[in-house]
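J.: The amino acid sequence is not available; the structure is as follows:
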Ligand SMILES: CC(C)(COP(=O)(O)OP(=O)(O)OC[C@H]1O[C@@H](n2cnc3c(N)ncnc32)[C@H](O)[C@@H]1OP(=O)(O)O)[C@@H](O)C(=O)NCCC(=O)NCCSC(=O)C[C@@](O)(CC(=O)O)C(=O)O
Ligand SMILES: [Mg+2]
């Protein structure tokens with residue numbers, strides 16, 4: 001089972017209080033942000049705070065840093081200053097081309113070598129936030145062995161589409177589906193976008209349920225209150241686990257009788273159903289830890 005990334009919580013990189021407590025809320029990952037949550041005048045202070053937090057504090061989860069785009073005046077300096085702290089992952093915003101991933105991969109390799117980190121220690125993820133980026137989703141996802149996921153940055157994506165965000169999310173449906181397909185083709189995870197109204201739990205849960213159904217592995221979140229909501233949506237129910245066990249038992253018995261297909265409660269059980277049942281059990285096991 002790959003690493004769980006049900007909840008990836010953004011933490012503004014210029015907020016010392018939030019950086020200090022970010023690990024206590026149970027998120028699978030924290031993303032210390034140097035990009036859009038940080039004003040241009042605060043970039044330098046934020047880099048320093050993020051470096052110190054990663055170096056000095058122990059987080060019980062994956063620690064990622066969202067740097068500015070490599071082609072902005074800030075991206076390379078972000079990497080230069082935070083890589084020596086050895087974050088688990090660098091998340092790139094507004095990715096539009098495989099070359100951006102390759103360039104950052106090279107910078108990370110140089111830092112790993114300079115600081116005696118094992119090669120490949122620091123992973124990468126990239127957010128697709130424009131129509132142009134979406135066209136390159138597979139190329140981006142497969143541009144480096146460091147790539148652990150691609151994400152959709154929905155707020156920027158919607159601005160690029162020149163539309164507005166609805167509760168039902170129709171405007172993002174096509175992009176979300178394409179993003180999951182590209183991630184699966186590349187064999188990496190797919191992460192959904194943030195939901196900005198932290199007080200609207202009902203719509204958050206509906207959206208989380210929908211994106212789980214589309215195949216996403218998790219969601220970027222902006223507030224601790226969204227973490228457990230997300231985990232609850234992704235938790236396999238007792239009925240799902242019990243059903244998965246019955247599927248595997250029935251299939252084993254079928255194989256013993258030299259048959260590759262069997263009916264359980266009137267429904268056909270064959271190998272893709274078995275693969276799904278195995279995933280439910282592996283997932284239930286992983287979320288218990
Ligand atoms: C929204 C709000 C201001 C509300 O604050 P409030 O203080 O009213 O919240 P409360 O619930 O009252 O907080 C209760 C307690 O939790 C603490 N607490 C809250 N949030 C915490 C947190 N994030 N980390 C650690 N701690 C936290 C707080 O300090 C308090 O602690 P305490 O005082 O001890 O009780 C706050 O959450 C926040 O700043 N969120 C992060 C915003 C951010 O990073 N945006 C950029 C990334 S998105 C983007 O860029 C778009 C994107 O790029 C995305 C993509 O690519 O996917 C795209 O295009 O779509
Ligand atoms: Mg964005």
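T.: Received it, and whenever you're ready, just let me know what you need. This is a predicted model, so every value here is computed, not measured. Numbering: from 1, shown residues only. Ligands and ions are numbered 1, 2, ... in the order given.
J.: So for stretch 126-142, mean pLDDT?
T.: For stretch 126-142, the mean pLDDT works out to 98.
J.: Correction: the previous question concerned stretch 213-233.
T.: 97.
J.: Please apply the same query to stretch 16-31.
T.: Mean predicted lDDT for stretch 16-31 stands at 98.
J.: Can you give me the end-to-end span of it?
T.: End-to-end distance of stretch 16-31: 14 Å, with Cα to Cα, to the nearest Å as the criterion.
J.: Against residue 232, how distant is the residue of the chain most remote from its centre?
T.: Residue farthest from the centre of the chain, counting by Cα atoms, centre = their mean, is residue 257 at 42.1 Å. Here the criterion is Cβ to Cβ, to the nearest Å. By it, residue 257 lies 39 Å from residue 232. To be clear about C-beta, it is placed using only N, CA and C from the backbone, and glycine gets the same treatment.
J.: Also residue 250?
T.: Look at residue 250 and residue 232: by Cβ to Cβ, they are 29 Å apart.
J.: what about those two, which has more around it?
T.: residue 250 (18 against 11; other Cβ atoms under 10 Å).
J.: what about that one, distance to residue 258?
T.: Per Cβ to Cβ, residue 250 is found 15 Å from residue 258.
J.: now swap in residue 281 and tell me
T.: Taking Cβ to Cβ, one finds residue 281 at 25 Å from residue 258.
J.: And these two? Which one has more around it.
T.: residue 281 (17 against 6).
J.: and that one, what element?
T.: For residue 281, the host element (DSSP states H and E) is helix 271-288.
J.: counting contacts, what elements does that helix pack onto?
T.: Under the contact definition 3 or more Cβ pairs under 8 Å, 6 or more residues apart in numbering; DSSP states H and E, helix 271-288 sits against helix 224-234, helix 238-256.
J.: Comparing those helices, which comes out most buried?
T.: helix 224-234 (a mean of 18; mean count of other Cβ atoms under 10 Å).
J.: what's stretch 282-289 in contact with?
T.: With contact meaning Cβ atoms under 8 Å, 6 or more residues apart in numbering, stretch 282-289 is reached by 1, 4, 6, 231, 234-236, 240-241, 244.
J.: Now that stretch: buried residues?
T.: 283-284 (16 or more other Cβ atoms under 10 Å).
J.: Also stretch 142-155?
T.: Buried, per 16+ other Cβ under 10 Å, within stretch 142-155: 142-144, 146-154.
J.: out of those residues, which one sits closest to residue 63?
T.: residue 148 (13.1 Å; Cβ to Cβ).
J.: hey, what's the residue nearest to that closest one when sequence neighbours are not counted bridged with?
T.: Using Cβ to Cβ, 6 or more residues apart in numbering and skipping residues adjacent in sequence, the residue nearest residue 148 is residue 123, 4.5 Å away. Beta-bridge partners recorded for residue 123 (DSSP bridges): residue 89.
J.: I figured residue 123 hits residue 88, correct?
T.: Yes - between residue 123 and residue 88 there is a contact at 6.4 Å, judged by Cβ atoms under 8 Å.
J.: who has more neighbours, those two?
T.: For residue 123 versus residue 88, neighbours defined as other Cβ under 10 Å are more numerous around residue 123 (21 against 18).
J.: Residue in the chain with the shortest distance to ligand 1?
T.: residue 153 (2.9 Å; Cβ to the nearest ligand atom).
J.: How confident was the prediction at residue 187?
T.: The score at residue 187 is 98. That number is its pLDDT.
J.: how about it, what does it touch?
T.: Contacts of residue 187 by Cβ under 8 Å, 6+ apart: none found.
J.: Would you report the backbone torsion angles of it?
T.: Phi and psi for residue 187, reported as degrees, to the nearest 10, are phi 80, psi 30.
J.: Distance of it relative to ligand 2?
T.: 25 Å (Cβ to the ion, to the nearest Å).
J.: now residue 157
T.: According to Cβ to the ion, residue 157 stands 8 Å off from ligand 2.
J.: That residue: neighbouring residues, count only.
T.: That count, for residue 157 with other Cβ under 10 Å as the rule, works out to 25.
J.: That one against residue 128, yeah?
T.: Yes - between residue 157 and residue 128 there is a contact under Cβ under 8 Å: 7.3 Å.
J.: tell me, what's touching those two both at once?
T.: Common neighbours of residue 157 and residue 128 are listed as 134, 175 (criterion: Cβ under 8 Å, 6+ apart).
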